[in-house]
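*Asks:* Sequence below, structure please.
(one chain, ligands or ions: 1)
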Amino acid sequence: MSIKSVSKPVSWSIVLGVVFILSGFMPPGRLFSDPEHYLALHTALEFFSIAVAAMVFALGWNLRHTTRGGRLVWLGAVFLGVGLIDFAHTLSYAGMPVFVTPSGADKAIQFWLAARLLLVVGLLVFALLPERRWPPACADGVTAAALGIALLTMWVVLWHQDWLPVSFIPGEGATPFKVGAEYVLAALYVLAALMLWQRALRDRDASARWLAAAAWVLALAELYFTLYVDVSDLFNVAGHLYKFAAYAMIYRAVFVSGVREPQQALRREQALLRALIDSVPDLIAFKDPQGRYLGCNKAYAKAYGVRECDLVGLREETAMRAAGNLDGAGADGGVVSTPEHHEEWLETVDGGLRLLDTLRTPYRDENGVTLGEIRISRDFTERRKMREQIAEREQRVMLAVESAGLGVWDWDLRSGRCVFSPTWCEMIGFRADELPAHVSAWEERVHPEDWGDIRAALEPHLGGATDSYRVEYRIRHQDGHWVWVMAAGRVLDRDEQGAAARVVGIHQDISQRKTMEESLLQLATSDPLTGLWNRRHFTEMMRGELGRVRRGQSQAALLLLDLDHFKRVNDTHGHAAGDIVLRHFVNVVDVQLREADVFARMGGEEFAVLLPCIDALGAMRVAERLCRVVAASPAMVEGQPLSFTVSVGVAMLHEADQAHDEAYSRADEALYAAKHGGRNRAVLARERDTAPPSFEGGAVSVSSG
Ligand SMILES: Nc1nc2c(ncn2[C@@H]2O[C@H](COP(=O)(O)OP(=O)(O)OP(=O)(O)O)[C@@H](O)[C@H]2O)c(=O)[nH]1
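*Replies:* Residues are numbered from 1 along each chain as shown. All right, here's what the predicted structure looks like:
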């Protein structure tokens, strides 16, 4: 609402108020020598208000179906009644011909007061009415009531004037009843003006401001009518002129603010809409319910090589035929009842072929009546081309991946759907159609021990902490064996919250590599002759055990075993026999050890055993038992039993040991003592400043070292 529209009704109200005050100082002189000379002006002024009243009624009646209709119907009905009574007032004015009964001031005043009362009550109610549409019966009822009031007023004034108090006595002027009534009316108009003004402020409604100003001016008019002595004197004329001014304001309120301004707003909106649809690259056309063009945008006209004005009013086929564009012509049907989508080819005027994605959708009024159809076509030729190129590229990549022996998986995390490529399925012994396209097909085949590794790689990646996912694990083949695979993948889509929605990756069978790695590990950690752990691996195990001992978590012992006079075996029976004895020795000792014990060949005929969770006494018992069992278990060489013995050096791992070789040295010393003590015995390494006890044939002996 502009300042201008706010200030105009206010300015006019002030100007007319000031003029009213100033005119109060003027004597009530006569303007016309003969009252009949005033008739023409009076009739003209009254006819103006009657014409305005008729227009307000016509407007309200025609807009009764709109959302603002209720209030407008009310205003129209009120003005219908007021206009009819004012018409009777005009015909009854002093000097007018007989209108049923002779005309005269009293009769005219009765009509006047009735019309003014009806109008002010109508404006007061109008200021309070909510803005909503009325049911048709309500609109009809209010209009009929207003008509009834007007006719009733005429009936009373024309046929029963004697029922009414006298309002004017010629020569004396207005009666106290008339003056009092005018004061009451003036007060009511002031109240109406205030209420309308308040409503105008609340609704930011320019037309209500003009109505408020009109009510104010009508109040002033009523005050003029308290002052006149003669029906054609200055105050009477001024009162009528003020009424004229008030009706001009009503005209302004209802027609200029209520009709012209909304129309201007509508035109602005239309222009905006037009600019909008012309600026979009989509092809837009709209049709009436019979399928005839109502218009189209520039893109549509350009694509079909037509002008919008040539299309309007024509059906599609007729319009395109007329424009010589037969290819663009669709079937001449009506409009669609529900939105429809389809793809269509369009041969453009420059001979190019475009692929259109067309949406036809009906548009309806607020009552759901179809007003026509909007047709929006989007050119997606480029997008389709790009999609095809991407699909082709994807196919090529897939081919390359598959021919490299890599399986592909594509997992939708929201639905659990997981598509496995044929190679993926073949890797675990299935045909592509034998596995369900669901992630459970993968989950239920994963080795239970490998879930930890999979989660450790997958979860950070799904959470966005890593760029990709890569893990090696075992998966069960259809025939039951485990296949080692390397899986690598990456999140392709995330949802609005950033949660992974789709992950795609490859699967590679790495069983061969794993087997090779295992055998390499075997080679690196074991002794080829006996299959025992070798020195390097044993040293690693020693280090680990020493760590536990130093942390006070366990006690452990180291046994160093050396076959006695083994050189003689070799020299007497040959190297191969020596090997047989060595392997036999390993078998004999191995069965005597616990699963947690680590048995290794340190080189030549020297072996070592690491005994975790054991004290010195326990370790000596084991060592002594080994001596006894070995001595009692001859090897079979060339069909002959060959007895041999072993000497054992025993050392405990100490918390104070800085390195594993400290225990090793102590055990070696004890072994040396066992050899020097006569062999086939176990000797416990001497603790600091303590002579080590020695066992022989189950008896403890003291080593010489
Ligand atoms: N057959 C065979 N002999 C081996 C192997 N490794 C070492 N030897 C032999 O083991 C013998 C070790 O001899 P020595 O170190 O003199 O000790 P010993 O004869 O056992 O005497 P004591 O240890 O003092 O009881 C040597 O003859 C080595 O050749 C092997 O892998 N196979």
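*Asks:* what's the closest non-adjacent residue to the closest residue to the ligand within the chain?
*Replies:* Closest contact between the chain and the ligand, by CB to the nearest ligand atom, is at Gly578 (2.3 Å). For glycine as for every other residue, the C-beta is placed from the backbone atoms N, C-alpha and C. In space, and not counting its chain neighbours, Gly578 is closest to Asn570: 4.2 Å by CB to CB, 6 or more residues apart in numbering.
*Asks:* and if you look at Leu158?
*Replies:* Per CB to CB, 6+ apart, closest to Leu158 is Val100, 4.5 Å.
*Asks:* How many neighbouring residues does that neighbour have?
*Replies:* Residues lying near Val100 (other CB atoms under 10 Å) number 14.
*Asks:* what's Arg583 in contact with, if anything?
*Replies:* By CB atoms under 8 Å, 6 or more residues apart in numbering, Arg583 lies in contact with 529-530.
*Asks:* any idea how far Gln640 is from it?
*Replies:* Separation of Arg583 from Gln640 (CB to CB, to the nearest Å): 16 Å.
*Asks:* What of Glu316?
*Replies:* In terms of CB to CB, Glu316 sits 112 Å off from Gln640.
*Asks:* Looking at these two, which has the bigger crowd around it?
*Replies:* Legend: neighbour count by other CB under 10 Å for Glu316 and Gln640, higher for Glu316 (21 against 10).
*Asks:* In three-state terms, label Trp345 for me.
*Replies:* Recorded secondary structure, Trp345: strand (DSSP: H, G, I helix; E, B strand; the rest coil).
*Asks:* that older thread, hmm, Ala576 and the residue nearest to Gly578 touching each other?
*Replies:* No: using CB atoms under 8 Å, Asn570 makes no contact with Ala576, being 9.3 Å away.
*Asks:* Which of the two has more residues huddled nearby?
*Replies:* The neighbour count for Asn570 versus Ala576, taken as other CB under 10 Å, is higher for Asn570 (16 against 11).
*Asks:* which residues sit against the strand or helix carrying the more buried one?
*Replies:* Here Asn570 sits within helix 566-573, counting by DSSP states H and E. If you take CB under 8 Å, 6+ apart as the criterion, helix 566-573 is touched by 563, 577-578, 581, 604-605, 637-638, 642, 644.
*Asks:* what's the most distant pair in those residues?
*Replies:* For the contacts of helix 566-573, with distances taken as CB to CB, the pair at the greatest spread is Gly604 and Glu638 (22.4 Å).
*Asks:* secondary structure element for Val471?
*Replies:* Per DSSP H and E: Val471 is located in strand 469-476.
*Asks:* Could you look up the next helix or strand downstream of that strand?
*Replies:* Using DSSP H and E, the helix or strand that follows strand 469-476 in sequence is strand 482-494.
*Asks:* JSON lines for the contacts of helix 566-573, including neighbour count, pLDDT and distance to Trp12?
*Replies:* Listed next are those as JSON lines, based on neighbours: other CB atoms under 10 Å; pLDDT from 0 to 100; distance: CB to CB, whole Å:
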{"residue": "Leu563", "neighbour count": "21", "pLDDT": "96", "distance to Trp12": "131"}
{"residue": "Ala577", "neighbour count": "17", "pLDDT": "93", "distance to Trp12": "136"}
{"residue": "Gly578", "neighbour count": "22", "pLDDT": "94", "distance to Trp12": "133"}
{"residue": "Val581", "neighbour count": "23", "pLDDT": "95", "distance to Trp12": "132"}
{"residue": "Gly604", "neighbour count": "12", "pLDDT": "90", "distance to Trp12": "126"}
{"residue": "Glu605", "neighbour count": "21", "pLDDT": "91", "distance to Trp12": "129"}
{"residue": "Val637", "neighbour count": "18", "pLDDT": "90", "distance to Trp12": "137"}
{"residue": "Glu638", "neighbour count": "10", "pLDDT": "87", "distance to Trp12": "140"}
{"residue": "Leu642", "neighbour count": "16", "pLDDT": "94", "distance to Trp12": "138"}
{"residue": "Phe644", "neighbour count": "21", "pLDDT": "95", "distance to Trp12": "135"}
